[in-house]
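>>> fold the following for me, if possible:
(chains A and B)
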Protein chains: 2
Amino acid sequence: MSALNRCIVLASRPVGIPQPQHFELTSAALAPLQAGELLIENLYLSVDPAQRGYVNDEDNYSPPVAIGAVMRSLAVGRVVESRHQAYAVGDYLYGWFGWQQLCICTADAILRRVNPQQASLSAAAGLLGINGLTAWMALHDIGKPQTGETVVVSAAAGAVGALAGQLAHLAGCRVVAIVGDDDKGRRCIADYGYDAYVNYRQPLADVLRAVCPDGVDVYFDNVGGNIADSVIRRMNRSGRVIQCGTISIPSWVPVPQGPRVEREILTRRLRMEGFVIFDHVKRYDAVAAELAALAASGKLRCDEDIEQGLEMAPQALVDVYAGRNTGKKLIQLAAA
Amino acid sequence: MSALNRCIVLASRPVGIPQPQHFELTSAALAPLQAGELLIENLYLSVDPAQRGYVNDEDNYSPPVAIGAVMRSLAVGRVVESRHQAYAVGDYLYGWFGWQQLCICTADAILRRVNPQQASLSAAAGLLGINGLTAWMALHDIGKPQTGETVVVSAAAGAVGALAGQLAHLAGCRVVAIVGDDDKGRRCIADYGYDAYVNYRQPLADVLRAVCPDGVDVYFDNVGGNIADSVIRRMNRSGRVIQCGTISIPSWVPVPQGPRVEREILTRRLRMEGFVIFDHVKRYDAVAAELAALAASGKLRCDEDIEQGLEMAPQALVDVYAGRNTGKKLIQLAAA
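Numbering: from 1, shown residues only, chains lettered A, B, ... in the order given. Here you go, the predicted model:
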């Protein structure tokens, strides 16, 4: 283990989606571990749409990453040195370890202890990480899908959407994918339990009417914007809208305009509710165990789209926003 | 009792808020009662913002009133002839009896049997009618106000708002009124349990920040539009928005644009939910009993703004949209 750490820092603050030029690959010396700290060697970095929000100078879940600081990111890593009694060398952890090879952190940074017997180490960052946990909890807590209902999922082939579709299918629903190209749509049907798909590049209101003749009961919204506008206007009375992401909106400064929803919410008695996985830490292990069991029994599939090398991370994030990933986007580091 | 009925019919279809010229006062002969029907003499007609939606040619709770048909309205009336075994001459009822002196209807039109011992007959159309029932159920079912939370109510001095404010106060909340003039604001504080008011004709974002320094936990929204935009941006994490009305929006054709809410809902984990009282018929009697008890014990005040004579109804509706009423707007008919 070298005392020199390679890391990707935020070089300038982007408006909207961060581009590779907003980041810089650097090296930094590692300080000696303090009491209570861990040294973690990252194995898989998680590339997530939410990372835009970590660098934008907007009111968000958390304060923005400072210029010059290591890019905030979830990762799966292995403890290589420990000054915390609860964690031993060789333990696998999932947490806020950043876009870097090595991470010095306290226990606050840890989201979950990873059990390598439960699934592959990479799965800890996707199926059993925020993507799977989000799909399961948001669908069941807010969507409350009932047998025979119609569930629509946007970004349907994405890391959350592909799992949400399968979980809605397992709940006995008719599940409709919204995607941006037909290849993804076909993959949704072949691999992710969807009954049908619509390509949002077609006239969406018309296509939705044809594909959801009985309306929509649950909308698992990962995108917001025009796509959400169309789905909301197809919703049945007492429908539920899970606001899980807004990836279709390139920037919230200034706030984009759209058709008002007050009347849709009122006359259709809709419930729209936001979901952020970090509110639900205490349930991670229980839901992860459920997801792992479904995967082990062949009922749940989680595709991964893995690239090699720390330097690939910034472009990988751009690719996720462009929808070029096929499955959960991860960066595998040399140590993995 | 005359066999000739005076009634107000819809003469032409308005876009937006109906005006007096959209209505016509006419007389019509009454047909003989059929089996299962009742003849009801109206005592109080209810004048409600929702009536705009009954005449607009828009997708709504119910099909629009036909041209030439009696204007749809709730009313309190007395049975004067009955061919239905469950209802006797002299019974007081609250239901869809229309803007007319006499109403022939079946039991489907009845919302509630009125107990004249429980409160005044006029209260059956307001405090114990859709206004009070809406205030109570929407606040408690969706708003779930907790002691010490901040509740904001728009159209705060209106027939629903004045009761919602008092009920939120009784729930131990800090309650803030949004009104369109300072006289109403002062009445909100003096009479309706509000702790403070803001006048929406001032710069609302600034005023709200000053009056709700700890943010907003529950927004009881009767108006939608720009006012809702400002309140939603002051909401605390896990805040609840009760979508109960959209009176500030003059027309939904074409759908007006506004700042998108997806990101507010997501990052603040808001829940926005529509409430329509007619979904909750089975609970009317239980909640009305609770409201009547609060009123009888002096804890709940319901002001009424009563005009005399059927012909006043169309202008009264315009006045309600203009916020010129002081309390629940009712039309008292000669028989009352």
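>>> residue ranges with poor pLDDT in the stretch 51-200 of chain A?
Within the stretch 51-200 of chain A, the stretches with pLDDT under 70 are A:59-61.
>>> now with 80?
A:57-62 (pLDDT under 80).
>>> do you have the strands of it handy? List them.
Per DSSP state E, counting those that start in this stretch, the stretch 51-200 of chain A carries strands over the ranges A:75-82, A:92-95, A:102-105, A:110-114, A:150-154, A:174-179, A:196-199.
>>> list the buried ones in the second one?
Counting neighbours by 16 or more other Cβ atoms under 10 Å in any protein chain shown, one finds that the buried residues in strand A:92-95 are A:92, A:93, A:94, A:95. Just so you know, the C-beta spots here come from the backbone N, C-alpha and C atoms, and that holds for glycine as well.
>>> could I get the contacting residues of the first one?
Right, the one you point to is residue A:92. By Cβ atoms under 8 Å, 6 or more residues apart in numbering or on different chains, residue A:92 lies in contact with A:43, A:76, A:77, A:78, A:79, A:113, A:114, A:115, A:116, A:121, A:124.
>>> roughly how far apart are residue A:244 and residue A:55?
20 Å (Cβ to Cβ, to the nearest Å).
>>> can you tell me the SS state at residue A:240?
strand (DSSP: H, G, I helix; E, B strand; the rest coil).
>>> distance check, it against residue B:300.
Distance from residue A:240 to residue B:300, by Cβ to Cβ: 33 Å.
>>> residue A:244 and residue A:55: who's more crowded?
Neighbours around residue A:244 and residue A:55, counted as other Cβ atoms under 10 Å in any protein chain shown, are more numerous at residue A:244. The numbers are 32 against 25.
>>> most neighbours among the contacts of residue A:92, please name it.
Neighbour-wise, these (other Cβ under 10 Å) top out at residue A:77, 34 neighbours.
>>> partners of that one in the sheet?
Beta-bridge partners of residue A:77, counted by DSSP bridges, are residue A:42, residue A:93.
>>> does it touch residue A:97 like I think?
Yes. Applying Cβ atoms under 8 Å as the test, residue A:77 and residue A:97 come out as touching, 5.1 Å apart.
>>> any common contacting residues for these two?
Common neighbours of residue A:77 and residue A:97 (Cβ under 8 Å, 6+ apart) are A:40, A:42, A:103.
>>> which parts of the stretch 151-300 of chain A sit against chain B?
Within the stretch 151-300 of chain A, the positions adjacent to chain B are A:221, A:224-225, A:228, A:243-246, A:249, A:252, A:255-263, A:265-276, A:279 by Cβ under 8 Å from any Cβ of the partner chain.
>>> follow-up on the earlier one: who wins for neighbours among the shared contacts of residue A:77 and residue A:97?
residue A:40 (29 neighbours).
>>> run a quick neighbour tally on residue A:265.
There are 27 residues near residue A:265, going by other Cβ under 10 Å.
>>> show the contacting residues for it.
Residues near residue A:265 by Cβ under 8 Å, 6+ apart: A:272, B:243, B:272, B:273, B:274.
>>> could you find the closest non-adjacent residue to residue A:280?
Leaving aside its sequence neighbours, residue A:280 sits nearest to residue A:137 (Cβ to Cβ, 6 or more residues apart in numbering or on different chains; 5.7 Å).
>>> go ahead and confirm that neighbour touches residue A:282.
No. Between residue A:137 and residue A:282 there is no contact under Cβ under 8 Å: 11.3 Å.
>>> the two: which is more packed in?
Per other Cβ under 10 Å, whichever of residue A:137 and residue A:282 has more neighbours is residue A:137, with 20 against 7.
>>> and that one, what does it touch?
Shown in contact with residue A:137 (Cβ under 8 Å, 6+ apart): A:275, A:277, A:280, A:283, A:287.
>>> between these, which is closest to residue B:164?
Nearest to residue B:164 among these is residue A:275, at 27.6 Å by Cβ to Cβ.
>>> the residue nearest to residue A:171 when sequence neighbours are not counted: how many residues sit nearby?
Nearest non-adjacent residue to residue A:171, counting by Cβ to Cβ, 6+ apart: residue A:145, 4.4 Å away. Residues contacting residue A:145 under the criterion other Cβ under 10 Å number 23.
>>> any idea how far residue A:145 is from chain B?
Distance, residue A:145 to chain B, by Cβ to the nearest Cβ, to the nearest Å: 18 Å.
>>> mind checking how far the residue most central in space within chain A is from residue B:144?
With distances taken as Cα atoms, centre = their mean, residue A:131 lies nearest the centre of chain A, 4.4 Å away. For residue A:131, the distance to residue B:144 (Cβ to Cβ) stands at 30 Å.
>>> please apply the same query to residue A:268.
From residue A:268 to residue B:144 the distance is 21 Å (Cβ to Cβ).
>>> those two: which is more packed in?
Applying other Cβ under 10 Å to residue A:268 and residue B:144 shows that residue A:268 carries more neighbours, namely 22 against 14.
>>> what sits against the more buried one?
A:235, A:236, A:237, A:238, A:239, B:274.
>>> ChimeraX command for the buried members of those?
Applying 16+ other Cβ under 10 Å to the contacts of residue A:268 leaves a buried subset, and the ChimeraX line that selects it is:
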select /A:235,236,239 /B:274
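>>> any idea which helix or strand carries the residue nearest to residue A:68 when sequence neighbours are not counted?
Leaving aside its sequence neighbours, residue A:68 sits nearest to residue A:9 (Cβ to Cβ, 6+ apart; 5.6 Å). Residue A:9 is located in strand A:4-10, with elements delineated by DSSP states H and E.
>>> show me what counts as buried in that strand.
Neighbour-count burial for strand A:4-10 [16+ other Cβ under 10 Å]: A:5, A:6, A:7, A:8, A:9, A:10.
>>> from the residues you listed, which is closest to residue B:206?
residue A:10 (32.7 Å).
>>> in contact with residue A:157, which residues are there?
A:177, A:179, A:184, A:185, A:187, A:188, A:192, A:326.
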